[in-house]
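Q: sequence first, then the predicted structure:
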Amino acid sequence: MSRQLAPAALVVAAALADAAGRSDLAFYALLAAVPIIAVAALAAYGDVVAVEGPAPASVSLQALLWGIGLVLVTASAAVRAPAFDAVAPTVGGTTLTACLAIVGLQGAVAVARELKAK
């Protein structure tokens, strides 16, 4: 659960900076999020392959969501790079919104897994 907090915080910070009109701060937050989300995606994939037999659905779903999140964060940062001092393109806002949705889904899956374990 704790390895999800840093990427989620960076994505939320990017969304808040984007909403405040600071596309430069949003770009830096997304740029910092790319390697952190890549590490989380690799760790989640490691959880999938470390299980003997078929992995639980929640573990597989977390790995899938991290992979999708990595693609979206990378795309959002890449789109914002050329327009560094200007307003971010529409695609940047759309991918950032999708990233926020992925973060929400990951939180729901993590909470469900913790509740099921208890």
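A: Here it is on my side, so go on.

Q: mind listing what's buried along the helix or strand where Val34 lies?
A: Per DSSP states H and E: Val34 is located in helix 23-50. In terms of neighbour count (16 or more other CB atoms under 10 Å), helix 23-50 has its buried residues at 23, 26-34, 36-38, 40-41, 44-45, 48. Every C-beta, even on glycine, is put in place using the N, C-alpha and C of the backbone.

Q: phi, psi for Gln62 please.
A: The phi/psi pair for Gln62 (degrees, to the nearest 10) reads phi -60, psi -40.

Q: now do it, the pLDDT please.
A: For Gln62, the pLDDT comes out at 90.

Q: contacts only, for it.
A: 44, 47, 106, 109-110 (CB atoms under 8 Å, 6 or more residues apart in numbering).

Q: residue nearest the centroid of the protein?
A: By CA atoms, centre = their mean, the chain has its centre lying nearest to Gly69, at 4.1 Å.

Q: need the contact list for it.
A: Counting by CB under 8 Å, 6+ apart, Gly69 touches 7, 11, 37, 41, 99, 102-103, 106.

Q: quick one: secondary structure of it?
A: Secondary structure for Gly69, judged by DSSP: H, G, I helix; E, B strand; the rest coil, is helix.

Q: ok, it to Lys116 distance?
A: 22 Å (CB to CB, to the nearest Å).
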